[in-house]
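Participant: Using only what follows, build the 3D model:
(one chain, ligands or ions: 2)
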Amino acid sequence: LYATVRHSLFGVDRLLNRALVYALLSLGILLLYLGLFVAIYRFLPGDPLLQMMAATGLTLLVGVSFNELRAWVQRLVDHLFYGGWYDYASVVEAVSDALARTLDRDRLIEVLTHQVPTMMHLHPGRLEIGEPGELLSDDLPPSPTTARFRLTFRGQTRAVWTAGPRRDGDDLSTTDRRILQTLARQAEVALGNVLLIEALRRRLDEIRAVQNQLLRSREEERARLARELHDSPIQLLIGLNMQLGLLLAGVSSEELETSCLMQELTAVRAQVRRLLSDLRQVCAELRPPLLDTLGLGAALRALLDEWSAQSGVEACADLSPDEVLRALPDEVSVNLYRVVQEALTNVARHADARRVTLRLTWEEDCLVLTIQDDGRGFVPVAPRDLVAQGHFGLAGMQERVALIGGTLTVESAPGRGTTVRVDWP
Ligand SMILES: Nc1ncnc2c1ncn2[C@@H]1O[C@H](COP(=O)(O)OP(=O)(O)OP(=O)(O)O)[C@@H](O)[C@H]1O
Ligand SMILES: [Mg+2]
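Facilitator: Ligands and ions are numbered 1, 2, ... in the order given. The predicted model follows:
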């Protein structure tokens, strides 16, 4: 019985509501009649005609005002059942406020199908959002117990809001409909905002996808170029170098020193060798060869050694074992390598540091990369603002890290050094 009443199973609240209204109404009318007749016989004694006229008049009066009386008792009982009448002004105010702050579709649905019905003592409503022409509730016939509103955006119906029925079972009153109409107009504005934001989010996702694709294809293109250089010009130069070597090997040392032609040939061979070494360097920059053969750990150690020798800054590394790092996906290795490359370039250019520490270790399930220097530090700026000022390094790092699903943080303060940290995944 408790559950039936508590959760109004079988519509029991409506039954109880009506029973109470009619019980109160009957009792009220009975008492009214009794009171009236006692009063008439008390105050108009001894004149039956007058008494009869007064009784008829009063009966008519009660009859005429019955409807008013019933509505009044009904409101009283509803107040008991559903927690009071609703105050139109505060409904409009609260809902307008909620709609103005609505930025996503779930919230809009929540406001229109729960908040409004609760405040107006209606059953939960329904909000169908969709493409024009695909809205099923748009074709339903009108009903006295519910109100249906089309919400349009850019001249097309993009949602249908069905409100009602009332919890006391009555038809919607004119006032209910007027209020709902007012709220529907505001809901239309909120729907416009929601759809615009969704469209913006989609555009942003598209832009991000294109940006990621660009980063990926740049890396692929570099690898392809490195292969091309390696397979064709470098092989040719190696052959040329060998041929020149053979040619010069057959010449006596005396002839080498006296013959102009031989001296020219020796100079050409030296140039060929320089060209080979330059091309190998270009190849290595395009695609660090160690990355593919020995993995990220070896590639980073080589990079750090070379960087330290060039910059004169002391460098030390604490890296996970090579076999662990070799198992990293190719895309992750390449992008982490590029992040370290740019971070080291920044240290050399801006930090004026004495020492750099590179760490790449697993902390629980997370790979953590840090490049820490003891240089002059700086006040970190949002990458967006850096790009606006013509600095692309840190922003590029952030894009690369986002591409592999990691997060990048830069910790720095003037005089306190800088730490660039990547957490992956
Ligand atoms: N390790 C560091 N120590 C001190 N300042 C740094 C360090 N790293 C970055 N900065 C500061 O942050 C700024 C932005 O760095 P970012 O790499 O984005 O651009 P950039 O190095 O100036 O130019 P580029 O686009 O060529 O990389 C730098 O100009 C520098 O002032
Ligand atoms: Mg830079």
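
Participant: can you give me the helices for the stretch 201-350 of the chain?
Facilitator: 233-249, 253-258, 260-286, 289-293, 296-311, 322-326, 330-346 (DSSP state H, counting those that start in this stretch).

Participant: The helix or strand just after the last one pairs with which strands, and in what direction?
Facilitator: Using DSSP states H and E, the next helix or strand after helix 330-346 towards the C-terminus is strand 355-363. Under the criterion DSSP bridges, strand 355-363 sits next to strand 314-319 (parallel), strand 366-373 (antiparallel) in its sheet.

Participant: Now do the domain split for this protein, please.
Facilitator: 15-82, 88-200, 233-286, 289-424 (automatic domain parsing).

Participant: and the residue of this protein nearest ligand 2?
Facilitator: Distances between the chain and ligand 2 by C-beta to the ion are smallest at residue 393, namely 2.6 Å. C-beta here means a position set from N, CA and C on the backbone, and glycine is covered the same way.

Participant: Make JSON lines from the strands paired with strand 355-363 and add mean pLDDT and distance to residue 56 to it.
Facilitator: Converted to JSON lines, the strands paired with strand 355-363 look like this (pLDDT from 0 to 100; distance: least, C-beta to C-beta, whole Å):
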{"stretch": "strand 314-319", "mean pLDDT": "91", "distance to residue 56": "106"}
{"stretch": "strand 366-373", "mean pLDDT": "94", "distance to residue 56": "92"}
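
Participant: what residue lies at the spatial centre of the protein?
Facilitator: Closest to where the C-alpha atoms of the chain average out (C-alpha atoms, centre = their mean) is residue 201, at 7.9 Å.

Participant: what's near enough to touch it?
Facilitator: If you count contacts by C-beta atoms under 8 Å, 6 or more residues apart in numbering, residue 201 has none.

Participant: about what we covered before: out of the helices of the stretch 201-350 of the chain, which is closest to ligand 1?
Facilitator: helix 330-346 (3.6 Å; C-beta to the nearest ligand atom).

Participant: Could you list the residues in contact with that closest one?
Facilitator: 215-216, 219, 288, 291, 295-296, 299-300, 303-304, 307, 311, 325, 328, 356, 358, 360, 369, 371, 393-394, 396-397, 400-401, 403-404, 408, 418, 420, 422, 424.

Participant: Please apply the same query to stretch 47-67.
Facilitator: Contacts of stretch 47-67 (C-beta under 8 Å, 6+ apart): 29, 32-33, 36-37, 40-41, 44.

Participant: And it, what's buried?
Facilitator: Neighbour counts over stretch 47-67 (16 or more other C-beta atoms under 10 Å) mark 51, 54-55, 58 as buried.

Participant: what about it, average pLDDT?
Facilitator: Here stretch 47-67 scores 81 as its mean pLDDT.

Participant: can I have it written out in PDB, keeping just the CAs?
Facilitator: C-alpha atoms of stretch 47-67 as PDB (Å, rounded to 0.1, in the frame of the first residue of the first chain):
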ATOM      1  CA  ASP A  47     -43.400  33.700   7.400                       C
ATOM      2  CA  PRO A  48     -43.400  30.500   5.200                       C
ATOM      3  CA  LEU A  49     -43.500  32.400   1.900                       C
ATOM      4  CA  LEU A  50     -40.400  34.500   2.800                       C
ATOM      5  CA  GLN A  51     -38.700  31.400   4.100                       C
ATOM      6  CA  MET A  52     -39.400  29.500   0.900                       C
ATOM      7  CA  MET A  53     -38.200  32.400  -1.300                       C
ATOM      8  CA  ALA A  54     -35.000  32.800   0.800                       C
ATOM      9  CA  ALA A  55     -34.300  29.000   0.700                       C
ATOM     10  CA  THR A  56     -34.800  28.900  -3.100                       C
ATOM     11  CA  GLY A  57     -32.600  32.000  -3.600                       C
ATOM     12  CA  LEU A  58     -29.800  30.500  -1.500                       C
ATOM     13  CA  THR A  59     -30.100  27.100  -3.200                       C
ATOM     14  CA  LEU A  60     -29.700  28.900  -6.600                       C
ATOM     15  CA  LEU A  61     -26.700  30.800  -5.300                       C
ATOM     16  CA  VAL A  62     -25.000  27.700  -4.100                       C
ATOM     17  CA  GLY A  63     -25.800  26.000  -7.400                       C
ATOM     18  CA  VAL A  64     -24.300  28.900  -9.400                       C
ATOM     19  CA  SER A  65     -21.200  29.100  -7.300                       C
ATOM     20  CA  PHE A  66     -20.700  25.300  -7.300                       C
ATOM     21  CA  ASN A  67     -18.100  25.400 -10.000                       C
END
